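>>> after the sequence you'll find the predicted model.
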Amino acid sequence: MRLGLGLMYLYSGFSLFTYPQHWYGFLPQWFLQQVSRVIPMDVYLKVQGLGELIIGLLFLTWFFGRWGLRTASILASLEMTLIILLVGVDLITFRDIGLLGAAFAILFISFTPLERNTGR
């Protein structure tokens, strides 16, 4: 799950950052209108892409320890929840529910205690 989410976030983050105009069609019209009042949509999507790149790196790098894994899974859970709530149910909602479930599962697993080798 960690590898899958990490690679997915690296892919989408890179795409959002380098080709933000390709993502306009995935945003509800009301969201485009509200955000573009404050900042240009390309800037918003590039910041979103940078955030997703960070989430992807946190999922894939073991040296940040459990805090990095928890941070990534909390951010991924929050993002997927907001997408489901703000975009609504459509033809790809099933994918978002699966990603939300994977992020929650990693979050819950990150709180399980590590077993110690007692030498027995």
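Good, I have the coordinates.
>>> quick check: the residue most central in space within the chain vs L5, distance?
In the chain, the residue lying closest to the centroid (CA atoms, centre = their mean) is A76, at 3.6 Å. Remark: distance between A76 and L5 (CB to CB, to the nearest Å) = 6 Å. Bear in mind the C-beta positions are built from the backbone N, C-alpha and C, glycine included.
>>> overlap of the contact sets of those two?
59, 99, 103 (CB atoms under 8 Å, 6 or more residues apart in numbering).
>>> who wins for neighbours among these?
For those, the largest number of neighbours (other CB atoms under 10 Å) sits with F59, at 28 neighbours.
>>> state the distance from that residue to L7.
8 Å.
>>> same check on A102?
12 Å.
>>> ok, those two, which is more surrounded?
Neighbour count, other CB under 10 Å: between A102 and L7, A102 has more, with 19 against 13.
>>> excluding chain neighbours, what is closest to the more buried one?
M1 (4.7 Å; CB to CB, 6 or more residues apart in numbering).
>>> to which secondary structure element is the closest residue to G4 other than its chain neighbours assigned?
Nearest non-adjacent residue to G4, counting by CB to CB, 6+ apart: A102, 7.0 Å away. In this structure, A102 is located in helix 93-109 according to DSSP states H and E.
>>> what sits up against that helix?
Under CB under 8 Å, 6+ apart, the answer for helix 93-109 is 1-2, 4-5, 8, 59, 69-70, 72-74, 76-77, 80-81, 83-84, 87.
>>> off-centre distance for it?
Between the centre of helix 93-109 and the centre of its chain there are 10 Å (CA atoms, centre = their mean, to the nearest Å).
>>> then stretch 87-102?
Using CA atoms, centre = their mean, the offset of stretch 87-102 from its chain centre is 12 Å.
>>> give me the below-cutoff pLDDT ranges for this protein.
Within the chain, the ranges that satisfy pLDDT under 70 run 115-120.
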